[in-house]
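Asks: need a 3D model of the sequence below.
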Amino acid sequence: MPLIAYVTVGKGVLIETEIKRSRFICSVHPVETETDAEQFIQNMRKEHWKANHNCFAYIIGKKQEIQKASDDGEPSGTAGVPILDVLKRRGVCNVLVVVTRYFGGIKLGTGGLIRAYAHAASAGLNAAEVVKKVPSEQWTVTVDYHLSGTLENKLRESAYIIKKIHYSDKVSFDLYASQEDGQAFLNWVTDLTNGQAETKKSHELYLEEKLPNPSNTSNND
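Replies: Below you'll find the model as predicted:
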């Protein structure tokens with residue numbers, strides 16, 4: 001099955017904000033299955049059993065097939081849905097966001113709750129770093145020594161990523177190229193070495209590409 005590009009988070013994080021004395025603790029966690037998500041939600045509920053609410057939303061599947069949200073006792077549509085909307089706007093999948101609220105004594109109202117939960121979710125995603133998983137391939141390119149210097153210099157100037165260099169009777173470069181660049185990469189190596197390179201594809205994998213933080217350019221969330 002061919003690899004599919006998708007957007008997710010690079011790491012799990014925990015980040016806290018305070019709005020009108022209420023504490024909003026946002027936990028962002030990469031998940032692969034609903035079972036993973038539900039287990040993490042249960043763990044958060046046990047850890048924050050004194051909290052007023054543990055609201056959440058998650059999207060699972062590289063085509064965002066599974067989507068679920070919960071207000072956990074907050075007025076309908078004021079917590080889970082705003083969190084889910086943030087996930088959908090960012091286009092992420094395989095991500096769970098739990099926002100735990102410790103009530104501070106001041107009611108926020110419907111609009112205030114929606115903004116607070118959306119803000120907490122956005123802050124969590126920004127801290128977790130949204131990344132694009134790019135379908136890629138690992139190649140080994142082998143050349144004679146007299147070509148190795150030029151090839152290494154050109155590789156380091158290019159978008160291709162050198163993983164390791166092996167020196168024996170010849171020089172072999174293990175490197176990564178995106179799948180969509182596969183044929184262009186082969187043509188590039190052939191032209192650069194006048195067809196004197198041996199190329200071999202070993203396997204497919206995902207590489208991460210960090211995406212811009214929208215808080216640097218927009219206040220939409």
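
Asks: so which elements touch the longest helix belonging to the chain?
Replies: The longest helix of the chain (DSSP state H) is helix 109-128. Using 3 or more Cβ pairs under 8 Å, 6 or more residues apart in numbering; DSSP states H and E, the elements in contact with helix 109-128 are strand 13-19, strand 22-30, helix 80-90, strand 95-102. Backbone N, C-alpha and C define where each C-beta goes, glycine included.

Asks: can you list the domains in the protein?
Replies: Following automatic domain parsing, the chain resolves into domains at 6-128, 134-210.

Asks: the ones you listed into JSON lines, with extra columns for mean neighbour count and mean pLDDT?
Replies: Formatted as JSON lines, the domains of the chain follow (neighbours: other Cβ atoms under 10 Å; pLDDT from 0 to 100):
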{"stretch": "domain 6-128", "mean neighbour count": "19", "mean pLDDT": "95"}
{"stretch": "domain 134-210", "mean neighbour count": "15", "mean pLDDT": "95"}
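
Asks: before we move on, back to that, in TSV: the helices and strands packed on helix 109-128, plus distance to Glu180.
Replies: What follows is the helices and strands packed on helix 109-128, written out as TSV (distance: least, Cβ to Cβ, whole Å):
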stretch	distance to Glu180
strand 13-19	30
strand 22-30	24
helix 80-90	23
strand 95-102	24
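
Asks: of the ones you listed, which is nearest Asn52?
Replies: strand 95-102 (5.4 Å; Cβ to Cβ).
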